[in-house]
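Student: here are the coordinates; sequence isn't available:
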């Protein structure tokens with residue numbers, strides 16, 4: 001039986017970019033549990049490792065932002081990824097050059113480091129068509145636990161929590 005909720009931890013900066021430049025449509029990698037370490041070891045959800053576990057990602061990002069750890073691997077991965085996506089989105093005609101330059105400025109500007117703070121997305125599964133909740137292939141998962149991608153999650157389909 002699948003869970004009623006899905007959970008995803010993302011940076012506020014990523015959320016803001018999708019809100020401002022992607023028509024408030026979000027790309028999320030999610031899990032059926034906020035904290036896989038609290039599950040029975042006999043369910044597949046317990047096999048989601050810290051690198052994909054929403055609670056661990058949240059705590060890692062929070063610690064990095066609170067301590068201004070500009071070398072945090074997750075934040076640096078997001079900076080590189082969002083910069084590359086901005087270039088791709090412009091090349092694909094999804095955004096203009098102005099928006100691309102704005103995104104690159106936002107993600108590269110050290111003055112905005114506090115905006116890499118974590119947000120927890122709580123996603124009720126029922127209103128989302130099952131065809132939009134794509135299982136991540138085992139070869140791309142961090143372990144054997146269930147992970148999912150929703151590439152077109154609308155803002156009205158999830159709640160945000162900031163701790």
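Tutor: Thanks, I have the structure now. The shown structure was predicted, so the numbers you read here are calculated from the model rather than taken from an experiment. Numbering: from 1, shown residues only.
Student: for the most far-flung residue of the chain relative to its centre, report the pLDDT, please.
Tutor: The centre of the chain is farthest from one residue, residue 42, which by C-alpha atoms, centre = their mean lies 26.6 Å away. You'll see residue 42 listed with a pLDDT of 90.
Student: can you check my assumption that residue 107 lies in a helix?
Tutor: Yes. Residue 107 sits within a helix when classified using DSSP: H, G, I helix; E, B strand; the rest coil.
Student: pLDDT below threshold where in the chain?
Tutor: Applying pLDDT under 70 to the chain flags the ranges 1.
Student: and the strands in it, which stretches?
Tutor: With strands called from DSSP state E, the chain shows them at 5-11, 25-31, 118-124, 134-135, 147-154, 159-161.
Student: so which elements touch the shortest one?
Tutor: Where contact means 3 or more C-beta pairs under 8 Å, 6 or more residues apart in numbering; DSSP states H and E, strand 134-135 is packed against strand 147-154. The C-beta positions use only the backbone N, C-alpha and C, and glycine is treated the same way.
Student: what's the strand it packs on in contact with?
Tutor: 6, 24-32, 48, 52, 121, 123, 128, 132-136, 141 (C-beta atoms under 8 Å, 6 or more residues apart in numbering).
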